[in-house]
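**Student:** here's my sequence, what's the structure:
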Amino acid sequence: TLFVVSGYTTLVRRIRHKPTLFYLIGGAYTLIFIVIGGLLAHETIGMRNTTPDPRRLVGWLSYFAVESYGSLMVALFWA
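**Tutor:** Sure, this is the predicted structure:
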């Protein structure tokens, strides 16, 4: 979370036009969620693999993406 917030702060300082920043961050999250969707459709690392393992990185990636999206995009929308 610290890295996401520091990256967000850097972008806010560099890009003064809020709609541009909103589209930029929204586009980045769109790409992240497309990649997650593709990974979940994969045969061995996706949803078809039912072996529980805490090292399955797709789950962690989706968790952090959803949590940071909920924090950043809501704040940016209302800013």
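**Student:** which element, helix or strand, includes the residue nearest the centre of the chain?
**Tutor:** Centroid-nearest residue in the chain: residue 65, 3.1 Å away (criterion: CA atoms, centre = their mean). For residue 65, the host element (DSSP states H and E) is helix 57-78.
**Student:** who are the packing partners of that helix?
**Tutor:** The elements that helix 57-78 packs onto, with contact taken as 3 or more CB pairs under 8 Å, 6 or more residues apart in numbering; DSSP states H and E, are helix 2-14, helix 18-40. In this view, the C-beta of every residue, glycine as well, is placed from N, C-alpha and C.
**Student:** worst average pLDDT in these?
**Tutor:** Lowest mean pLDDT within these: helix 2-14, a mean of 86.
**Student:** which SS class is the spatially most distant residue from the centre of the chain?
**Tutor:** In the chain, the residue that sits farthest from the middle, by CA atoms, centre = their mean, is residue 51; the gap is 24.8 Å. With DSSP: H, G, I helix; E, B strand; the rest coil as the basis, residue 51 sits in coil.
**Student:** quick one on the thing from earlier: export the helices and strands packed on helix 57-78 as JSON lines, with columns for mean neighbour count and distance to residue 77.
**Tutor:** Shown next, in JSON lines, are the helices and strands packed on helix 57-78 (neighbours: other CB atoms under 10 Å; distance: least, CB to CB, whole Å):
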{"stretch": "helix 2-14", "mean neighbour count": "11", "distance to residue 77": "13"}
{"stretch": "helix 18-40", "mean neighbour count": "13", "distance to residue 77": "7"}
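**Student:** just to revisit the earlier point, could you report the pLDDT at the residue farthest from the centre of the chain?
**Tutor:** 81.
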